[in-house]
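> heads up, no residue letters with this:
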């Protein structure tokens, strides 16, 4: 039986870079994970939901890009619930 994909249009083994922006450069945190690891390997629920919300926004933009004849994005920098986060496909 096939494993269900967690994010539409991305394989569970797709590598992702996630950067959480802190209040200064010494507080920035960057991680390299797979899509599957993003669903299970965060220390806090807040970090996991921020990363997951950013990934879903990127997936949404990638899905809608051909509709608007735009290039398909490979990364996203955004602010969600007052926290800055950057996510890139590797």
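Yes, it's here. Here the structure is a predicted model, which means the values were calculated and not measured.

> show me the contacts for the residue lying closest to residue 71 once chain neighbours are set aside.
Spatial nearest neighbour of residue 71, excluding adjacent residues (C-beta to C-beta, 6 or more residues apart in numbering): residue 65 at 6.6 Å. All C-beta atoms are positioned from the backbone trio N, CA, C, and that covers glycine. Contacts of residue 65 were listed using C-beta atoms under 8 Å, 6 or more residues apart in numbering, and they are 71, 72, 73.

> and those, which are buried?
If you count burial by 16 or more other C-beta atoms under 10 Å, none of the contacts of residue 65 comes out as buried.

> what is the nearest of these to residue 56?
residue 73 (13.3 Å; C-beta to C-beta).

> was I right about the closest one contacting residue 60?
No - counting by C-beta atoms under 8 Å, residue 73 stays clear of residue 60, with 10.2 Å between them.

> now list whatever residues contact both of these two.
Common neighbours of residue 73 and residue 60 (C-beta under 8 Å, 6+ apart) do not exist.

> all helices of the protein, in order?
Counting by DSSP state H, the chain has these helices, from start to end: 35-38, 45-64.

> by contact count, what packs against the longest one?
When you say that, I think you mean helix 45-64. strand 15-21, helix 35-38, strand 75-80, strand 83-89 (3 or more C-beta pairs under 8 Å, 6 or more residues apart in numbering; DSSP states H and E).

> could you check the pLDDT of the residue nearest in space to the middle of the chain?
Residue closest to the average C-alpha location in the chain (C-alpha atoms, centre = their mean): residue 55, at 3.0 Å. Residue 55 carries a pLDDT value of 94.
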